[in-house]
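Sequence first, then the predicted structure:
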Amino acid sequence: MIDHTGIGVSDVAVVAVFYDAALGALGLRRAMQIPESIGTDGIGYGVDYPIFLIDRFHPHSMRQHTAFVANSRTEVDAFYAAAIAAGGTDNGAPAAREGQSTPIYYAAFVFDPDGNNIEAVFRG
């Protein structure tokens, strides 16, 4: 089981605009701010505690893929719309995906401003 994960980004303030919108559509919010005074600058997203972090500590040149759970197809659609409006780039519009690990796999994929592949998935 994963407790939390994170990725490095080139500019926390710029990329946070994308994640505020995209993850906000999935019910996540800023749960932690990492001050630059401790050697890094970052934001943790979650509900009760951070489960996904963006920061300047991890190298941002390493492209990552992270999939977030959506509670409905509507939430997947909202994630995609919010992510695109916040500067993301399409990498797969919301749709049912054939040949996945579960019979119902409705997902959308968006590249964040640093080129990381971010997904929202509803497994029904």
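Looks like it arrived, so ask away.

For the chain, just list every one of the helices.
The residue ranges that make up the helices of the chain, judged by DSSP state H, are 12-24, 73-85.

Report the buried residues of the first one.
Same thing as helix 12-24. Buried residues in helix 12-24, counted by 16 or more other C-beta atoms under 10 Å: Val12, Val15, Ala16, Phe18, Tyr19, Asp20, Ala21, Ala22, Leu23, Gly24. In short, each C-beta sits where N, CA and C put it, glycine included.

now the last one
Within helix 73-85, the residues that qualify as buried are Arg73, Glu75, Val76, Asp77, Ala78, Phe79, Tyr80, Ala81, Ala82, Ala83, Ile84, counting by 16+ other C-beta under 10 Å.

tell me the contacts of the second one?
Contacts here follow C-beta atoms under 8 Å, 6 or more residues apart in numbering; on that basis Glu75 touches Ala25, Leu26, Gly27, Ala120, Phe122.

Most neighbours among those residues, which one?
The member of the contacts of Glu75 surrounded by the most neighbours (other C-beta atoms under 10 Å) is Ala120, with 27 neighbours in all.

quick one: that residue from Val76, how far?
Between Ala120 and Val76 the distance is 5 Å, computed by C-beta to C-beta, to the nearest Å.

Mutual contacts of the two, please.
With C-beta under 8 Å, 6+ apart, Ala120 and Val76 have common neighbours Ala70, Ala107, Ala108.

coming back round to it: from the buried residues of helix 12-24, pick the one nearest Asp48.
Within the set of the buried residues of helix 12-24, Leu23 lies nearest Asp48; the separation is 14.5 Å, counting by C-beta to C-beta.

Please flag which of the shared contacts of Ala120 and Val76 sit within strands.
Within these, membership in strands is found for Ala107, Ala108, as judged by DSSP state E.

about what we covered before: mean pLDDT and distance to Arg97 added to the helices of the chain, as a markdown table?
Listed next are the helices of the chain as a markdown table, based on pLDDT from 0 to 100; distance: least, C-beta to C-beta, whole Å:
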| stretch | mean pLDDT | distance to Arg97 |
| --- | --- | --- |
| helix 12-24 | 95 | 19 |
| helix 73-85 | 98 | 11 |
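
Perfect, I'm done here.
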